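Asker: Below are the sequence and a predicted model for it; my questions follow.
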Amino acid sequence: MKNTLLISQDKLTKTLFSATTIFLAATAVHASDVYGDPFEGEGFVKDDWQVVCDNTLTCRAAGYSEDGTASGGATILLTVTPKESAVKAKLMLQNVDDVETSPANAWLASHGSRVSLYLNDKNYGMVELDSGALSGDLSTNQTQQLLARAKQNTKIEFRSGSYRWRVSDSGLSAVLLKLDESQGRVGTPLALVSKNNQPAMAPKSAIPIPKIVAAPVYSTKDPSPNIDLTTMDYWRANIENWIIAESNDDLNENCDILNPDQQWPGDSEWTLTPLNAKYTLASHVCWRGAYNEGVGFWVIDHATPSKPSLVTYSGGSYDEGQIISGHRGRGLGDCVYLKEWTWNGSSFVNSKAIDTGLCRMIQLGGAWDMPSYVSEVIESD
């Protein structure tokens, strides 16, 4: 178990493939064009931009090339910390093809992996790229120039030789307005796009990162020998009835395979995994889609086994005290959603929730880590 706030793209991709308001008068925004909550899932989305804020109030806004861009795709990530005026900006170019099959990638590899930022066809300097990930940081001046044009129609383009990578500005202003609102920046000098002509809000302070003490569990590789197999067999034979009796309508809605009115061939096996001497984890497939699967997890208290406690209907796998769920936003696997629960000794608590951005074929596994929930997981002594 790692004491880390964010999961790396490598780990996220491996996890996935081994087991998805207020509007201010300054911008014309229509209800049909926007959706989402900045503190949930893929956040608040307007056209080609989104913003996701985590439980510490750090917000991340990302913009992309227009949907359907066959080549030359790119994305920009803006990271904004509460009460701080500085905004960090990072660029990532489309990195789906191998160098051998992508002329643009081959060009960059042979010309120093640098691109120039152009705003409305004016050059604002070079961006040095990490050749492996085709990503790089925008300078403070480049970031300020981009934000200064957020409320205008702005052509955002990166160039190298004859190659062009375009990031859409459609939705940028609305998303930054939502970010200003989420951090209490509206009408203050800290506002990104709403400094003037707005009632001032009170800027919000960052919220401390919650700490979760991970309780010891039996190893799945070497389970405790002190398990009463007869008791386990009795639970396995009765747990489905117990869960149905304890559940309400959400079981029928979220766990089709356990719905008595549904017929699903196979999928009749329950897995029981002892957590410690007092609790056992029960799991069963709940639903399947074209490219995703949801596993239901319940905790059995040995003192009251007939009242299992639900963790989730959309889990993925369990290992050493953690339940991890990874789902693709679509079959291509260019956008995913990860959630994680950690055992604290009596229950599984949410310890991580990360979206990797909109589905725009920038990178398999997703372009960015955009968490809506972060924590520090501490191993118990």
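Answerer: Good, I have the coordinates. Residues are numbered from 1 along each chain as shown.

Asker: When you work out contacts or count neighbours from here on, use the C-alpha atoms and nothing else.
Answerer: Will do.

Asker: Tell me the spatial nearest neighbour of N254, not counting adjacent residues.
Answerer: Y313 (6.4 Å; C-alpha to C-alpha, 6 or more residues apart in numbering).

Asker: which regions of this protein sit below the pLDDT cut-off?
Answerer: Filtered on pLDDT under 70, the chain yields the residue ranges 1-32, 69-71, 96-101, 223-226, 263-268, 381.

Asker: before we move on, which element is S283 in?
Answerer: Following DSSP states H and E, one finds S283 within strand 279-288.

Asker: An error on my part: the question was meant for L251.
Answerer: Here L251 is assigned to helix 249-254, by DSSP H and E.

Asker: List the strands paired with the helix or strand following that helix, with their directions.
Answerer: In the C-terminal direction, the helix or strand that comes right after helix 249-254 (DSSP H and E) is strand 271-274. Strands that pair with strand 271-274, judged by DSSP bridges, come out as strand 279-288 (antiparallel).

Asker: Name the residues of the partner strand that are buried.
Answerer: Of all the residues in strand 279-288, those buried under the rule 16 or more other C-alpha atoms under 10 Å are Y279, T280, L281, A282, S283, H284, V285, C286, W287.

Asker: cool, and stretch 309-319?
Answerer: Neighbour-count burial for stretch 309-319 flags S309, L310, V311, T312, Y313, S314, G315, G316, S317, Y318 (criterion: 16+ other C-alpha under 10 Å).

Asker: Need the CA coordinates for it. PDB is fine.
Answerer: Provided in PDB are the C-alpha atoms of stretch 309-319 (Å, rounded to 0.1, in the frame of the first residue of the first chain):
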ATOM      1  CA  SER A 309     -22.700  -4.200   5.200                       C
ATOM      2  CA  LEU A 310     -22.500  -2.900   1.600                       C
ATOM      3  CA  VAL A 311     -19.200  -1.300   0.400                       C
ATOM      4  CA  THR A 312     -20.000  -0.800  -3.300                       C
ATOM      5  CA  TYR A 313     -21.800  -2.400  -6.300                       C
ATOM      6  CA  SER A 314     -19.000  -1.200  -8.700                       C
ATOM      7  CA  GLY A 315     -15.800  -2.600  -7.300                       C
ATOM      8  CA  GLY A 316     -13.100  -4.400  -9.200                       C
ATOM      9  CA  SER A 317     -10.700  -6.400  -7.100                       C
ATOM     10  CA  TYR A 318      -9.500  -6.800  -3.500                       C
ATOM     11  CA  ASP A 319      -5.900  -7.100  -2.300                       C
END
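
Asker: Distance check, D130 against I227.
Answerer: Here the criterion is C-alpha to C-alpha, to the nearest Å. By it, D130 lies 52 Å from I227.

Asker: next one: S131
Answerer: 53 Å.

Asker: try R360
Answerer: Taking C-alpha to C-alpha, one finds R360 at 49 Å from I227.

Asker: neighbour count winner among those two?
Answerer: Neighbour count, other C-alpha atoms under 10 Å: between R360 and I227, R360 has more, with 24 against 12.

Asker: okay but the more buried one is in contact with G68, surely?
Answerer: Yes. The pair R360 / G68 is scored as a contact, 7.4 Å apart, by C-alpha atoms under 8 Å.

Asker: In a strand, E240, correct?
Answerer: No. Residue state for E240 (DSSP: H, G, I helix; E, B strand; the rest coil) corresponds to helix; a strand is not indicated.

Asker: In contact with it, which residues?
Answerer: Residues near E240 by C-alpha atoms under 8 Å, 6 or more residues apart in numbering: L258.

Asker: Apply 10 Å and report the result again.
Answerer: E246, L258, S268, W270, H284, S306, P308 (C-alpha atoms under 10 Å, 6 or more residues apart in numbering).

Asker: what do you get for D355?
Answerer: Contacts of D355 (C-alpha under 10 Å, 6+ apart): 20, 40-43, 52, 326-327, 329, 335-339, 366-373.

Asker: Excluding chain neighbours, what is closest to it?
Answerer: Closest to D355 by C-alpha to C-alpha, 6+ apart is Y337, at 4.6 Å.

Asker: So what's the residue count around that neighbour?
Answerer: 24.

Asker: Begin at 233 from now on, thanks
Answerer: Done: numbering now begins at 233, and the last item shifts to Y569.

Asker: Next one: it from S392, what distance?
Answerer: When Y569 is compared with S392 (using C-alpha to C-alpha), they lie 33 Å apart.

Asker: Ok, D412 next?
Answerer: For D412, the distance to S392 - C-alpha to C-alpha - is 33 Å.

Asker: out of these two, which sits in the busier spot?
Answerer: Neighbour count, other C-alpha under 10 Å: between D412 and S392, D412 has more, with 25 against 17.

Asker: Can you name the next helix or strand after the host helix or strand of the more buried one?
Answerer: According to DSSP H and E, D412 maps onto helix 404-414. Moving toward the C-terminus from helix 404-414, the next helix or strand (DSSP H and E) is strand 443-446.

Asker: ok, back up a step: what packs against the helix holding L483?
Answerer: Using 3 or more C-alpha pairs under 10 Å, 6 or more residues apart in numbering; DSSP states H and E as the contact test, the elements touching helix 481-486 are helix 461-478, strand 511-520, strand 525-533, strand 541-547.

Asker: and the angle for the first one with strand 541-547?
Answerer: Taking axes from the mean of the first three to the mean of the last three C-alpha atoms, to 10 degrees, one finds helix 461-478 and strand 541-547 inclined to each other by 80 degrees.
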